[in-house]
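K.L.:
Model the structure of this input:
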Amino acid sequence: MSEKNPDRKRTARERLAADREKQKAAERRRRTLIVAASVVCVLGLAAVIGVVAANAGKDDGDDGAGPVVAPSGAQGKDALTIPVGKESAKSTLTVWEDFRCPACKSFEDTYRSTVHELTDAGKLKVEYHLATIIDGNMGGSGSRAAANAAACAQDAGKFPAYHDVLYENQPEETDDAYASDDKLLELAGKVDGLLTPAFRTCVEEGTHDGWVEKSAQAFRTGGFTGTPTVLFDGKNIYQDRTMTPAKLKKMVEEADQG
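P.N.:
Residues are numbered from 1 along each chain as shown. From the prediction side, this is the model:
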């Protein structure tokens with residue numbers, strides 16, 4: 001018995017030691033897996049953050065917008081203004097707008113006839129600036145595509161008429177219908193003499209996409225809070241709750257009289 005007991009004790013100690021080694025090995029594997037999983041999670045989070053950061057502030061997928069080609073007759077800094085009306089007019093209305101913007105449509109529907117009356121009479125000049133804010137808010141590229149088409153209409157001397165048609169047929173804000181060249185060309189058919197091969201090419205090739213993006217950048221860096229932004233001789237009248245078409249007309253006529 002005395003000889004066997006030491007052997008049994010050694011065997012028990014060896015089993016205990018082996019078990020401890022197994023436990024240590026298992027713990028090392030567990031720690032390794034935890035570290036590996038943590039690395040994967042961190043890398044995954046970094047990738048997500050990278051995607052979010054890459055898309056933050058974008059409004060229309062402007063990568064590859066192309067060269068900046070201003071439309072015919074564009075004026076102002078960097079030729080980002082489309083003018084409507086006589087240069088000699090004593091009053092100027094500056095409008096920042098987006099063809100997908102419901103509030104812009106509301107403004108146009110309310111003031112369209114008054115603005116046309118005053119520009120036709122030579123009393124008011126309107127400076128249009130095109131933005132793409134809804135592309136950024138809702139996704140899509142309809143703001144940019146419609147703005148490019150409007151610039152193409154400016155090349156053809158048909159900007160005011162096509163401008164009105166785009167607002168009169170504006171889709172729902174969530175509907176990116178203006179991203180379709182076919183839709184923009186269909187609406188061009190409502191403007192006499194606009195749907196020409198040159199206009200079609202301009203729309204389909206996105207001739208003024210780069211110019212539209214430059215205008216959108218000017219909007220983003222200009223400190224504007226949204227579209228439409230409407231300035232009368234530099235004063236924001238869109239924020240004036242007392243403003244009406246009749247009041248605007250009176251202001252313009254008073255300025256015209258000196």
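K.L.:
and residue 237, how far is that from residue 210?
P.N.:
Residue 237 sits 31 Å away from residue 210, going by C-beta to C-beta, to the nearest Å. C-betas here are computed from N, CA, C, even on glycine.
K.L.:
ditto for residue 78
P.N.:
11 Å.
K.L.:
quick one, which of these two is more surrounded?
P.N.:
Each of residue 78 and residue 210 has its neighbours counted (other C-beta atoms under 10 Å); residue 210 has more, 18 against 13.
K.L.:
Which parts of the stretch 101-250 of the chain are helices?
P.N.:
All helices of the stretch 101-250 of the chain, identified by DSSP state H, counting those that start in this stretch, fall at 102-120, 133-138, 142-155, 159-168, 181-188, 197-205, 209-221, 245-256.
K.L.:
okay, the residue nearest to residue 117 when sequence neighbours are not counted: pLDDT?
P.N.:
Spatial nearest neighbour of residue 117, chain neighbours left out: residue 249 (7.5 Å); criterion: C-beta to C-beta, 6 or more residues apart in numbering. We have a pLDDT of 98 for residue 249.
K.L.:
Likewise for residue 203?
P.N.:
Reported pLDDT for residue 203: 98.
K.L.:
The residue nearest to residue 117 - how many residues pack around it?
P.N.:
17.
K.L.:
same check, this time on the one 5 residues further on
P.N.:
Applying other C-beta under 10 Å, we find 11 residues neighbouring residue 254.
K.L.:
before we move on, the earlier item: looking at it, the residue nearest to residue 117 is touching residue 116, isn't it?
P.N.:
No: here residue 249 does not reach residue 116: they are 11.5 Å apart, not a contact under C-beta atoms under 8 Å.
K.L.:
got any ranges where the protein has weak pLDDT?
P.N.:
Applying pLDDT under 70 to the chain flags the ranges 1-65.
K.L.:
before we move on, back to that, who wins for proximity to residue 73 among the helices of the stretch 101-250 of the chain?
P.N.:
Residue 73 sits nearest to helix 142-155 of all these, at 6.4 Å, using C-beta to C-beta.
K.L.:
Check the offset of the closest one from the chain's centre.
P.N.:
14 Å (C-alpha atoms, centre = their mean, to the nearest Å).
K.L.:
cool, and stretch 66-73?
P.N.:
Distance, centroid of stretch 66-73 to centroid of chain: 19 Å (C-alpha atoms, centre = their mean).
K.L.:
And that stretch, end to end?
P.N.:
20 Å (C-alpha to C-alpha, to the nearest Å).
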